[in-house]
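Asker: Next one to model:
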Amino acid sequence: MKYFRRIRSDVDVRPFLDEIARAPSAWDLSTGRQAKITVQREAESIPLRGLVKSKIAGRKRRDVHESRFTTTSRRFPIARAFLTAFAAERDAEPGRARIVRLRPGHRVYRHVDRGEYYRLRDRYHLILQSASSSHMKAGDEEVRMRVGELWWFDNKAPHEAVNDGDTDRIHVIFDLLPRARAAAVDGAEDDTGIAA
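Answerer: Numbers count the residues shown, from 1 in each chain. Just a heads-up that it's a prediction; the model follows:
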């Protein structure tokens, strides 16, 4: 496959789901994506890592490289530890990350992630919950991702997702900047701070 690659199939997702269950109000803290990004209007999310707003400085959000853990992410130490460990394992810098929920019958509409931020980074999905499998398309390929699997996929290709099951579909979606590409970024990302 050109647009998808399964990285792991044995991630224990129960600790992640337990964290989410302990923080049900976190879904309501950040609704800007649903309101402002048409293709994401049916997806709910909990931001774990976000762009550093002070670094926008006239750039489009899709061109801002700097990111850091959000205040909300403090409620999700297991997810934070996973992101940090996987980035180290891949010799990469962590980028933006969020937990995303699609209710049954909802979708993320076909789109391409454009901009300097996305051009340099790799996108991953960790499947935490799905009825039987999680359906996704990129380019001319389709996959069914299963709970406990971690996938890389090419978000620079036209892609979309749908929850065709009868239970919420929950993924951790995150980006990594391979250190080999980090020199292309004007200024290093700050991984030490907390964004509001």
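
Asker: Spit out the contact partners of Arg8.
Answerer: Arg8 makes contact with Gly148, Glu149, Leu150, according to CB atoms under 8 Å, 6 or more residues apart in numbering. In short, each C-beta sits where N, CA and C put it, glycine included.

Asker: what separates the strand or helix carrying Glu160 from the chain centre, distance-wise?
Answerer: Counting by DSSP states H and E, the element that carries Glu160 is strand 159-162. Put simply, strand 159-162 sits 14 Å off its chain's centre (CA atoms, centre = their mean, to the nearest Å).

Asker: what does stretch 100-119 give?
Answerer: From the chain centre to the centre of stretch 100-119 is a distance of 9 Å (CA atoms, centre = their mean).

Asker: What residues sit buried inside it?
Answerer: Of all the residues in stretch 100-119, those buried under the rule 16 or more other CB atoms under 10 Å are Val100, Arg101, Leu102, His106, Arg107, Val108, Asp113, Glu116, Tyr117, Tyr118.

Asker: Equivalent analysis for stretch 63-73, please.
Answerer: Val64, His65, Glu66, Ser67, Arg68, Phe69, Thr70, Thr72, Ser73.

Asker: can you check stretch 5-15 too?
Answerer: Quick answer for stretch 5-15 (16+ other CB under 10 Å): Val11, Val13.

Asker: follow-up on the earlier one: quick one: which two of the buried residues of stretch 63-73 are the most distant?
Answerer: In the buried residues of stretch 63-73, two members sit farther apart than any others by CB to CB. They are His65 and Thr72, at 21.1 Å.

Asker: Please consider this matter closed, and thank you.
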